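*Asks:* sequence first, predicted model second:
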Amino acid sequence: MSDSARVSLHASAEIPAPADRVWELIQDWAGMLGWWLPADRGGLEGAELIGCERLGTPGAVPRTRRMLLGDGTAVEETITYQNDETRRIHYLKADDRTITGYAATMYVDELPPGGCAVHVSSSFDVRSPAERAAGLARLEAVYAAMLRGYREYFAGPAEDVAPARPRDGETEASAPCSEPSVVIITGIQAAGKTTVGRLLAQALPRAAFIDGDVLARMVLSGSEEMTPTPSGEAVRQLHLRYAQAAALADSFHGAGLTAVLADNLYGRDLVALVDLLASRPVIAVVLAPSDGEVIRREQARGTRAYRAWMEGADLAEAVAQFRGYLAETPSVGLWLDSTDLTPAATVQAVVNSGWYEGRVR
């Protein structure tokens with residue numbers, strides 16, 4: 001590399017979903033909260049993304065997204081060209097204290113059999129040649145987090161999930177899962193709650209997905225995280241999150257949609273959340289893969305979900321602590337040993353059995 005402050009960068013990744021579906025997600029320019037991962041699930045380190053708003057008309061060019069970060073800063077990116085036939089956009093990012101003149105192209109290539117590849121190429125200047133390495137590393141991390149978010153969003157394609165098998169006296173159309181419901185999915189960290197919850201919502205006829213992690217990030221100042229010895233305020237915020245999740249689930253259900261809610265619910269908190277819901281029916285699913293499988297998944301995704309439980313302990317000991325929380329949870333709903341199941345196979349098990357064995361209201 002020369003001493004010039006001009007930098008060019010390219011990144012790409014294969015995504016396990018049809019090109020048109022991935023393109024639809026990408027060109028939904030202000031929909032980032034649906035797929036952007038928090039740092040503890042493999043997303044970008046640093047200030048968290050806590051909001052994303054669109055400036056301009058949907059589908060229009062130009063249009064801008066304003067990303068709101070937890071440290072109070074805002075980042076704007078503007079689409080200047082979009083071609084839906086070639087699945088290509090050009091966009092610009094507003095200058096910041098390190099990077100100026102940022103221009104990028106993102107496009108989606110179709111791959112057999114039914115997958116695709118997402119590519120992003122950019123060029124930009126750094127304000128000082130001394131900042132070149134840091135600027136390059138930062139954008140590499142951004143692209144890696146973005147592509148990881150796309151992959152996880154589409155992990156285990158929903159097309160692999162078949163309709164529920166009708167039981168005696170039922171038709172496919174009259175199966176309970178075809179009616180609006182509330183489905184609660186819990187389990188320890190790295191059990192697959194978010195992935196399975198999102199896939200389940202995609203597989204059902206009309207459904208919305210509620211991510212407890214997203215609700216937690218809505219507290220912009222004064223946020224306190226749960227730890228092995230949480231503060232009173234952390235516990236109050238956790239219970240506030242549960243209350244807001246229940247209210248949102250009831251709202252979706254009242255509009256005729258199934259609400260799929262994924263969160264950490266252990267001990268009496270699972271029953272307490274069920275009691276907050278006015279909707280019926282309520283289905284509870286507890287994902288319970290083995291400790292070894294949880295450790296494998298956590299190491300593979302490279303997140304920091306267990307970091308607060310690893311002070312003076314290793315990952316296996318931290319997982320064992322969460323297993324203890326799960327052991328205190330009442331044996332209600334459908335408990336699934338998903339050790340040997342793919343995300344799609346886990347969703348299939350929920351579709352087939354959840355409304356029969358997992359109904360708690």
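*Replies:* Perfect, thanks for sending it. Numbering: from 1, shown residues only.
*Asks:* tell me if I'm right that L136 and V7 touch.
*Replies:* Yes: counting by Cβ atoms under 8 Å, V7 is a contact partner of L136 at 5.5 Å. All C-beta spots, glycine's among them, are computed from the backbone N, C-alpha and C.
*Asks:* the more surrounded of those two?
*Replies:* Ranked by neighbour count (other Cβ atoms under 10 Å), L136 and V7 place V7 first, with 20 against 17.
*Asks:* just for the protein, where's the confidence low?
*Replies:* Scanning the chain for pLDDT under 70 picks out 1-4, 156-175, 300-303.
*Asks:* middle-most residue in it, spatially?
*Replies:* Central residue of the chain (Cα atoms, centre = their mean): W35, 5.2 Å from the mean position.
*Asks:* and it, what are its phi and psi?
*Replies:* Main-chain dihedrals, W35, degrees, to the nearest 10: phi -130, psi -20.
*Asks:* quick one: contacts for it?
*Replies:* Contact analysis of W35 by Cβ atoms under 8 Å, 6 or more residues apart in numbering lists L25, G149, Y150, E152, Y153.
*Asks:* would you turn those into JSON lines with neighbour count and secondary structure?
*Replies:* Listed next are those as JSON lines, based on neighbours: other Cβ atoms under 10 Å; DSSP: H, G, I helix; E, B strand; the rest coil:
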{"residue": "L25", "neighbour count": "19", "secondary structure": "helix"}
{"residue": "G149", "neighbour count": "20", "secondary structure": "helix"}
{"residue": "Y150", "neighbour count": "23", "secondary structure": "helix"}
{"residue": "E152", "neighbour count": "20", "secondary structure": "helix"}
{"residue": "Y153", "neighbour count": "21", "secondary structure": "helix"}
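*Asks:* take these and lay them out in CSV including distance to L336.
*Replies:* Converted to CSV, the contacts of W35 look like this (distance: Cβ to Cβ, whole Å):
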residue, distance to L336
L25, 28
G149, 25
Y150, 26
E152, 20
Y153, 22
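*Asks:* which among the residues you listed gets closest to T194?
*Replies:* Nearest to T194, judged by Cβ to Cβ, of those is E152 at 7.8 Å.
*Asks:* spit out the contact partners of the closest one.
*Replies:* Counting by Cβ under 8 Å, 6+ apart, E152 touches W35, L37, R41, G42, T194, T195.
*Asks:* neighbours of the second one, just the number please.
*Replies:* What it means is L37. For L37, the neighbour count with other Cβ under 10 Å is 22.
*Asks:* phi first, then psi, for it.
*Replies:* Note on L37: its backbone torsions stand at phi -90, psi 140 [degrees, to the nearest 10].
*Asks:* residues in contact with it?
*Replies:* Counting by Cβ under 8 Å, 6+ apart, L37 makes contact with G43, A145, R148, G149, E152.
*Asks:* greatest separation within the residues you listed: which pair is it?
*Replies:* The widest separation within those (Cβ to Cβ) is 10.5 Å, between A145 and E152.
*Asks:* which neighbours do those two share?
*Replies:* When contacts are counted by Cβ under 8 Å, 6+ apart, A145 and E152 are jointly contacted by L37, G42.
*Asks:* show me where the chain has strands.
*Replies:* Counting by DSSP state E, one finds strands in the chain at the ranges 6-15, 49-55, 63-69, 74-83, 88-93, 99-111, 115-126, 182-187, 207-211, 258-262, 282-287, 334-336.
*Asks:* in CSV, list these along with distance to G232.
*Replies:* Below are the strands of the chain laid out as CSV (distance: least, Cβ to Cβ, whole Å):
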stretch, distance to G232
strand 6-15, 43
strand 49-55, 23
strand 63-69, 28
strand 74-83, 32
strand 88-93, 41
strand 99-111, 42
strand 115-126, 44
strand 182-187, 23
strand 207-211, 25
strand 258-262, 25
strand 282-287, 27
strand 334-336, 31
